[in-house]
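Participant: Just need the structure, nothing else, for what follows:
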Amino acid sequence: MTHLVSVGGAQPYDVLVGSRLTSSLPALLAGAAQVAVLYAGPLGARAAEVAGELAAAGVKPLLLEVPDAESGKTGEVALRCWERLGAAGFTRSDAVVGVGGGAVTDLAGFVAACWLRGVRWVPVATSLLGMVDAAVGGKTAINTDAGKNLVGAFHPPAGVLCDLADLATLPAADLRAGLAEVIKCGFIADPRILELVEADPAAAQAPDGPVLAELITRSVQVKATVVAADLRESGQREYLNYGHTLAHAIEREQRYRWRHGDAVAVGLVFAAALGRVTGRLDDDTADRHRRVLELVGLPVGYPAPAWPALRSAMSVDKKARGAQLRFVVLDGLARPSILAGPAEEQLAAAYQEVAQ
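Facilitator: Predicted structure coming up:
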């Protein structure tokens, strides 16, 4: 069964969640003479399938291999892609497809956003993280030495394909990491997600089962609802960054050796602790973060001595306003809000709850 989630707003599009969805791609890119297919090496065979589907529809595919994971999200890699598009004579009617996890789809969207000031693009998300987070919402970006996703553009896709069949080949650790973003959606908007994970943590990690399919669809719906109301993160879209301020600092401190979802899991526990420390969040909901994340085997702690480096890294977080840090916290289950300028002792106290 294929589930369709519509993302509204000024540039509406649909997210398809199901199996064997590649045949839907040519219709999303009707009118394109050429389509660049960006992919990382491990997904070469999957990218070839996508290219074959396009070729069968009379579209010329241009396969562009990029470095795997966060190492591909750089200005240098993006420039190489643009040079290939230029050499191939890509026009405004042509398009870009990103086949892979969140890093590849972030890069593909950014390449598309900048080429000729914006051409169509479609993410074919092959990881759980990509399906529930990076591929949906139209935020595209690359990293710099200063931090993660600091250079980017808002550029909604023509559509999104979340092919559940791809999850069967995903390493268990990567699938588990993707659940951090799913659980985040449960805490900020849809508590039924938490109930499903708590009721059967194994089913939540079964790539071919109905529970994970429902978790993905619910998470996509959460993001679609928020994005439709706030594309450019001027209001409630900021709530989708729950747990991400510390998470991005961890990723930078680790030089992106940690999976994004693992860092988000720790960031969620920190955000819950910060909510508790500042009197915004009740004890049971704060403690529930750790319990749910541990049920699926996600990390909930980080070394205590790392705090000074993490605190410094958080100063360049995208949500900061001038010298003032801003955090997404909960005022209760599914009641996100913004905490601006917490005291340094409150930040340190919250970190003690994740310090190992």
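
Participant: quick one: the helices in the chain?
Facilitator: Secondary structure of the chain by DSSP state H: the helices cover 25-28, 44-56, 75-88, 102-114, 128-129, 172-188, 191-199, 210-229, 244-253, 260-277, 283-295, 307-314, 344-352.

Participant: just checking, what packs against the fifth one?
Facilitator: Here helix 128-129 is seen to pack against helix 172-188 when contacts are counted using 3 or more CB pairs under 8 Å, 6 or more residues apart in numbering; DSSP states H and E. Where C-beta positions appear, they are placed from N, C-alpha and C, glycine not excepted.

Participant: Any figure for the gap between the closest residue to residue 200 other than its chain neighbours and residue 334?
Facilitator: The shortest distance from residue 200 to any non-neighbouring residue, by CB to CB, 6 or more residues apart in numbering, is to residue 211 (6.3 Å). With distances taken as CB to CB, to the nearest Å, residue 211 is found 20 Å from residue 334.

Participant: ok so, going back, among the helices of the chain, which is nearest residue 152?
Facilitator: With CB to CB as the criterion, residue 152 lies closest to helix 102-114 of the helices of the chain, at 5.9 Å.

Participant: Could you check the angle the closest one makes with helix 75-88?
Facilitator: Per axes from the mean of the first three to the mean of the last three CA atoms, to 10 degrees, the angle that helix 102-114 makes with helix 75-88 is 50 degrees.

Participant: Going by neighbour count, which residues of helix 102-114 are buried?
Facilitator: Buried residues in helix 102-114, counting neighbours by 16 or more other CB atoms under 10 Å, are found at 102-114.

Participant: would CSV of those with pLDDT and distance to residue 18 be doable?
Facilitator: Shown next, in CSV, are the buried residues of helix 102-114 (pLDDT from 0 to 100; distance: CB to CB, whole Å):
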residue, pLDDT, distance to residue 18
102, 88, 20
103, 91, 23
104, 95, 20
105, 95, 18
106, 94, 23
107, 97, 25
108, 97, 21
109, 97, 22
110, 97, 27
111, 98, 26
112, 98, 24
113, 97, 27
114, 98, 31
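
Participant: Tell me which two of these sit farthest apart.
Facilitator: 102 and 114 (18.7 Å).

Participant: Next one, pLDDT for residue 135 please.
Facilitator: Model confidence at residue 135, given as pLDDT, is 77.

Participant: Next, the contact list for residue 123, please.
Facilitator: Applying CB atoms under 8 Å, 6 or more residues apart in numbering to residue 123 gives the contacts 97-98, 105, 108-109, 130, 134-135, 157, 160-161.

Participant: let's see 7 Å
Facilitator: Taking CB atoms under 7 Å, 6 or more residues apart in numbering as the criterion, residue 123 is in contact with 98, 105, 108-109, 130, 135, 157, 160.

Participant: residue contacts, residue 269?
Facilitator: Here residue 269 is in contact with 289-290, 293, 300, 353-354 (criterion: CB under 7 Å, 6+ apart).

Participant: next one: residue 156
Facilitator: So residue 156 contacts 11, 13, 138 (CB under 7 Å, 6+ apart).

Participant: Counting neighbours, which of these comes out on top?
Facilitator: residue 138 (21 neighbours; other CB atoms under 10 Å).

Participant: which among the contacts of residue 269 end up buried?
Facilitator: Members of these classed as buried by 16+ other CB under 10 Å are 289-290, 293, 300, 353-354.

Participant: Could you identify the most distant pair in these?
Facilitator: Using CB to CB, the buried ones among the contacts of residue 269 span at most 12.8 Å, a distance reached by 293 and 353.

Participant: From residue 181, how far out is the residue lying closest to residue 42 once chain neighbours are set aside?
Facilitator: Spatial nearest neighbour of residue 42, excluding adjacent residues (CB to CB, 6+ apart): residue 68 at 6.3 Å. In this view, residue 68 and residue 181 are 20 Å apart by CB to CB.

Participant: now swap in residue 341 and tell me
Facilitator: Applying CB to CB, the value for residue 341 to residue 181 is 27 Å.

Participant: higher neighbour count, those two?
Facilitator: With neighbours defined as other CB under 10 Å, residue 341 and residue 181 compare such that residue 181 has more, 28 against 13.

Participant: isn't that one right up against residue 263?
Facilitator: No: contact status for residue 181 versus residue 263: not in contact, 11.0 Å apart, counting by CB atoms under 7 Å.

Participant: Next up, the contacts around the closest residue to residue 23 other than its chain neighbours.
Facilitator: Spatial nearest neighbour of residue 23, excluding adjacent residues (CB to CB, 6+ apart): residue 53 at 6.3 Å. Residues near residue 53 by CB under 7 Å, 6+ apart: 22-23, 25-26.
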